[in-house]
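> I need the structure of the sequence given here:
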Amino acid sequence: MDFIIRYLLRVYGVQGNINILTLIFIVFIVDSLICWGSQYIQQYTMANIGYGVVRTLRRQMFNHLQKLSLAFYDRNEVGRIMSRILNDVGSLENLLSNGLLLVFADLITLVGIVIILMTLNLDLALITMTVIPLLAVVMVIWQKYSRTAF
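Here you go, the predicted model:
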């Protein structure tokens, strides 16, 4: 959005025309409303998808628990089973309703940043991206150690 406003000001703002500044303001307001509306729809949709998956999973787990024998419940504490189910389903719900949305939004933001960097200065953008292979190697090494630690 900053680039649109900067472009409009650079091209049309030099003339000092108040109508152009009004147009820039209207474009800014419309863009802000579109961003707000699309974020609302995206969060609402992801929450519904996440809750639907969790509801199905809870039903399947309940049906599975109903089919288990009484000997299973004699060997295992019911509180431990319920705690495990609630915590695991809660973690999955958090991942589906929040985690995927954030990963998707961050990925789109990253692609947008790369495109804007390359548009502004291709040489500087390529120099900046030379760090990516090093970051990938560090991430692979860190994941190996973090999996054993956690």
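
> phi and psi next, for residue 81.
phi -60, psi -50 (degrees, to the nearest 10).

> and the closest residue to it other than its chain neighbours, what's its pLDDT?
Using CB to CB, 6 or more residues apart in numbering and skipping residues adjacent in sequence, the residue nearest residue 81 is residue 65, 7.4 Å away. Bear in mind the C-beta positions are built from the backbone N, C-alpha and C, glycine included. Residue 65 carries a pLDDT score of 87 in this model.

> list the buried ones in the helix or strand that residue 127 is a member of?
Here residue 127, judged by DSSP states H and E, is contained in helix 122-128. Buried positions in helix 122-128, judged by neighbour count with 16 or more other CB atoms under 10 Å: residue 125.

> so which elements touch that helix?
Other elements packing on helix 122-128 under the criterion 3 or more CB pairs under 8 Å, 6 or more residues apart in numbering; DSSP states H and E are helix 100-120.

> remind me what the helix or strand that contains the residue nearest to residue 81 packs against, helices and strands.
Assigned by DSSP H and E, residue 65 belongs to helix 18-67. Contacts defined by 3+ CB pairs under 8 Å, 6+ apart place helix 18-67 against helix 2-12, helix 78-94, helix 100-120.

> mean neighbour count and distance to residue 28 added to these, as TSV?
Listed next are these as TSV, based on neighbours: other CB atoms under 10 Å; distance: least, CB to CB, whole Å:
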stretch	mean neighbour count	distance to residue 28
helix 2-12	12	6
helix 78-94	12	35
helix 100-120	12	18
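
> now render those helices as JSON lines, adding distance to residue 27 and mean pLDDT.
Below are those laid out as JSON lines (distance: least, CB to CB, whole Å; pLDDT from 0 to 100):
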{"stretch": "helix 2-12", "distance to residue 27": "7", "mean pLDDT": "70"}
{"stretch": "helix 78-94", "distance to residue 27": "37", "mean pLDDT": "83"}
{"stretch": "helix 100-120", "distance to residue 27": "18", "mean pLDDT": "86"}
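
> which among those is found nearest to residue 143?
helix 100-120 (15.9 Å; CB to CB).

> run through who's touching that closest one.
The contact list for helix 100-120 (CB atoms under 8 Å, 6 or more residues apart in numbering) reads 3, 42-43, 46, 50, 124-126, 128-129.

> what's in contact with the helix holding residue 127?
114, 117-118.
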